[in-house]
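Asks: I would like the atomic coordinates for the input below:
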Amino acid sequence: MGFAPTPVKAAAKLGDDGLYQMDWYLESFLDLSEDLAGATSKGKRLAIMWGLKGCPACKRMHEVHLMDPKIESYVRDNFEVLHLNHIGSRAVTDFDGRKLTEKALGEAYGIRFTPTIQFLPDKIDGLTGKSGQAREVARMPGLLEPSEFLAMFRYVREKGYEALSFPDWLRKQA
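Replies: Below is the predicted model of the structure:
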């Protein structure tokens, strides 16, 4: 009689920078064009997650939302998640080739609080001609309840933004 292996649940780990990390988050050279191309080549979408040391909502997102196997597997299977520090000093290369610190990049994209998740298009075409928030297809400003959190990722994956605002798409799903 054999034993089936016990599924290993993902665990959020607190990094040296004070940000929570999942072992499946994107390992990146912090070049957004490369990260978008890499996600697209894997059939995934790129999401930039902004966090901050000591952020209670960031902690809840990692300990509640991303510990839900349904949410965690959907996000992991369909998205490359790049986790950036809202006040960080690492150099990030933006789509126009400019190198900015994480903090300066967040300011350029109008990131005001954490967590904020930016969802980018599946193609790089036209992104260099746009700036900041105009490059996004959707944004999750703050932490939604778990069911809406998952719905936002589905909205982006299913390209609901092409026809409806997120609240209208969500009502249509109900």
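Asks: can you map out the helices along the chain?
Replies: Per DSSP state H, the chain has helices spanning 32-41, 56-63, 69-78, 102-108, 146-157, 166-173. These are given in chain order.
Asks: looking at those helices, which is nearest to G88?
Replies: The closest of these to G88 is helix 102-108. By C-beta to C-beta, the value is 3.3 Å. The way it works is simple: take the backbone N, C-alpha and C, and place the C-beta from them, glycine included.
Asks: in this protein, where is pLDDT below threshold?
Replies: Judged against pLDDT under 70, the low-scoring parts of the chain cover residues 1-10.
Asks: switch the cut-off to 50
Replies: Within the chain, the set of residues satisfying pLDDT under 50 comprises 1, 4-8.
Asks: so who does the residue nearest to the spatial centre of it touch?
Replies: The residue lying closest to the centre of the chain (C-alpha atoms, centre = their mean) is A47, at 3.2 Å. Contacts were defined as C-beta atoms under 8 Å, 6 or more residues apart in numbering; by that measure A47 touches 75, 79-82, 117-120, 153, 156.
Asks: closest one to G88 out of those residues, please.
Replies: Minimum separation from G88 among the contacts of A47 (C-beta to C-beta) is found for L82, which lies at 11.9 Å.
Asks: mind listing what's buried in stretch 37-48?
Replies: By neighbour count with 16 or more other C-beta atoms under 10 Å, stretch 37-48 contains the buried residues 38-40, 44-48.
Asks: distance between the ends of that stretch?
Replies: Distance between the boundary residues of stretch 37-48 (C-alpha to C-alpha, to the nearest Å) amounts to 14 Å.
Asks: same check, this time on stretch 153-163
Replies: Here the two ends of stretch 153-163 are set 16 Å apart, with distance taken as C-alpha to C-alpha.
Asks: what are the contacting residues of that stretch?
Replies: Defining contact as C-beta under 8 Å, 6+ apart, one finds that stretch 153-163 is touched by 45, 47, 71, 74-75, 78-79, 119, 137-138, 166, 169-170.
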